[in-house]
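**Q** For reference, the sequence and a predicted model appear below.
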Amino acid sequence: MSRSVLVTGGNRGIGLAIARAFADGGDKVAITYRSGEPPEELTALGVLGVKCDITDPEQVESAYKEVEASHGPVQVLVANAGITRDQLLLRMSEEDFEAVLQTNLTGTFRTVKRACRGMLRARSGRIVLISSVVGLSGAAGQANYAASKAGLVGFARSLARELGSRNITVNVITPGFVDTAMTQVVGEERKAEILRQVPLGRYAQPEEVADAVRFLASDQATYITGAVVPVDGGLGMGH
C-alpha cells in the first residue's frame, strides 16, 4: 500500500536519495526544502516539493497542511534537514552555535511533534532521524554540529519509549562520510586523511543511507525501535 512519506531537506544529497528511494518504491512522497527548487527528477517521480524553513513553526504547520491535503496524514517521517557552521570553539559565535541547534535539533523536534498528531490517531507510524557519526565520536571544529546530532539520539530513544505502545517506531541513522556535493569540495589531501580512518576505505553513496532508511520504515523492521544504525563504513566502531 502506498504510504504518505515526508522527507525534510529532501532536495539534495542524502535527503534526495531517500526521497527517490521511497518514490521508486511506490510511496506518495513529499519533501521540504528551504531554498532553490526541487530537482526535476523528483517532479517527474510525482514528489511534492514544499518550501519550508523548519526553524519557523508557522512554516512547519503550513507545510504539513499542504502535505496532508495532497497525500493524507504523514505515515513515515524522515527528519533529514540540517546545517553546519563549523568553527573551533574559541572562534565559534553564539549565533553559529544556536543556529545549528535550532535547525538540527529544535527543527527536528518541531517536525516530529507535528507528524505525531496523525500517527497517534492512526496508532501507527515510522520516524527515522538522520544524525551523524560525529554525534557519537565528536570532531574538532564541529562542537555545535556534534551536539545537535548527539541530541537526536536521546530525543529518539525517549520517543521510542513514549510512543511504542501506539505502534510508532523511532530510530536513528548515523551516516559517516557520504559522497555528496558537500564532501566533493574537500581537498585531496584531507580526503585521503579521512579515508584512512574508514575501514572500508571509501565514502558512502547516498543510496546506501537511503536503503537503511527504507529498511527501518519497512514491514521487516516492525520490532526495531530506539536503535542507532551506523552507515559509516566502520568509522564509528566503539561509539
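**A** Yep, it's here.
**Q** Show me how far stretch 76-95 is from its chain's centre.
**A** Centroid displacement of stretch 76-95 relative to its chain, using Cα atoms, centre = their mean, to the nearest Å, is 13 Å.
**Q** And the helices in the chain?
**A** 13-24, 40-44, 57-71, 94-101, 107-122, 134-137, 143-163, 181-184, 188-195, 206-216 (DSSP state H).
**Q** rank these by mean pLDDT and give me the bottom one.
**A** Lowest mean pLDDT within the helices of the chain: helix 181-184, a mean of 74.
**Q** Touching that helix from outside, list them.
**A** 12, 13, 177, 191, 203 (Cβ atoms under 8 Å, 6 or more residues apart in numbering). Using the backbone N, CA and C atoms, a C-beta is placed for each residue, glycine as well.
**Q** repeat for stretch 136-143
**A** Counting by Cβ under 8 Å, 6+ apart, 84, 86-89, 92, 97, 134, 145-146, 150, 153, 174, 228, 235-236, 239 sit against stretch 136-143.
**Q** List the buried residues in it.
**A** With burial defined by 16 or more other Cβ atoms under 10 Å, the residues of stretch 136-143 counted as buried are 136, 137, 142, 143.
**Q** picking that back up, what's the farthest-apart pair in the contacts of helix 181-184?
**A** 12 and 191 (20.0 Å; Cβ to Cβ).
**Q** the more surrounded of the two?
**A** Between residue 12 and residue 191, counted using other Cβ atoms under 10 Å, residue 12 has the larger neighbour count: 17 against 14.
**Q** that older thread, and the contacts of helix 181-184, which is closest to residue 215?
**A** Taking Cβ to Cβ as the measure, residue 215 sits nearest to residue 13 out of the contacts of helix 181-184, at 19.5 Å.
**Q** How about that closest one: what's its closest non-neighbour residue?
**A** Among residues not flanking residue 13 along the chain, residue 180 sits closest, at 4.0 Å (Cβ to Cβ, 6 or more residues apart in numbering).
**Q** got it, and residue 222?
**A** In space, residue 222 is closest to residue 169, 7.2 Å off (Cβ to Cβ, 6+ apart).
**Q** number of nearby residues for residue 73?
**A** Residue 73 has 16 nearby residues by other Cβ under 10 Å.
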